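[1] Quick one, what's the 3D model for this:
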Amino acid sequence: MKRITALFSAALLAAGFMTATAHAQQDPAQDPATTQQSAPIAQDFSDQQLQQFADASQEIAVISQEYTERLHGAEDEADQQEVRAEANDKMIGVVENSGLDVDTFNAIGQAIQQDPEMMQRVQEMAAE
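    Here you go, the predicted model:
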């Protein structure tokens with residue numbers, strides 16, 4: 001069970017990578033006052049979406065571990081930024097290949113942090 005929880009922790013960390021990069025890629029000329037914050041977290045995800053999240057999370061955990069090690073070995077800020085960008089691209093690819101979009105993946109990640117029952121359902125799906 002600890003391993004599965006660790007996978008979801010890594011997936012949530014990865015979701016943070018994706019969110020941070022998405023925010024960093026926004027047009028800086030855009031007025032932040034007019035930019036809407038994330039929509040409230042939807043709690044009505046289908047079993048298929050939760051399964052896709054569980055599957056993608058396991059792959060993302062592996063990528064996250066690999067790139068965390070590479071990040072620690074990076075020599076300077078430019079190298080670190082390159083490692084983060086490469087990791088982010090791979091994680092986004094995994095999410096999109098799972099059939100989810102990044103926003104839905106991140107919303108599920110946020111929802112399971114707030115809903116222990118949903119977390120349990122996703123953990124059970126990952127264990128299958």
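[2] In this protein, where is pLDDT below threshold?
    Counting by pLDDT under 70, the chain contains low-confidence residues at 1-43.
[3] Regarding it, what is its longest helix?
    For the chain, the helix that runs over the most residues, judged by DSSP state H, is helix 47-73.
[4] which helices and strands sit right next to that helix?
    Judged by 3 or more Cβ pairs under 8 Å, 6 or more residues apart in numbering; DSSP states H and E, the packing partners of helix 47-73 are helix 2-24, helix 77-97, helix 102-114, helix 116-127. Where you see a C-beta, it was placed from the backbone N, CA and C, and this is true even at glycine.
[5] Report the angle between that helix and helix 77-97.
    Counting by axes from the mean of the first three to the mean of the last three Cα atoms, to 10 degrees, helix 47-73 lies at 160 degrees to helix 77-97.
[6] Which positions in helix 47-73 come out as buried?
    49-61, 63-64, 67-68, 70-71 (16 or more other Cβ atoms under 10 Å).
[7] Kindly report the same for stretch 89-103.
    Of the residues in stretch 89-103, 90-92, 94-95, 98, 100, 102 count as buried by neighbour count, 16+ other Cβ under 10 Å.
[8] do stretch 103-111 as well
    Neighbour counts over stretch 103-111 (16+ other Cβ under 10 Å) mark 104-111 as buried.
[9] so Gln80 sits right up against Ala74, yeah?
    Yes: assessed by Cβ atoms under 8 Å, Gln80 is found in contact with Ala74 at 4.3 Å.
[10] Identify the residues contacting the residue nearest to Ile108 when sequence neighbours are not counted.
    Once flanking residues are discounted, Ile108 sits nearest to Phe53: 4.5 Å by Cβ to Cβ, 6 or more residues apart in numbering. Residues near Phe53 by Cβ atoms under 8 Å, 6 or more residues apart in numbering: 11, 45, 98, 100, 105, 108-109, 122.
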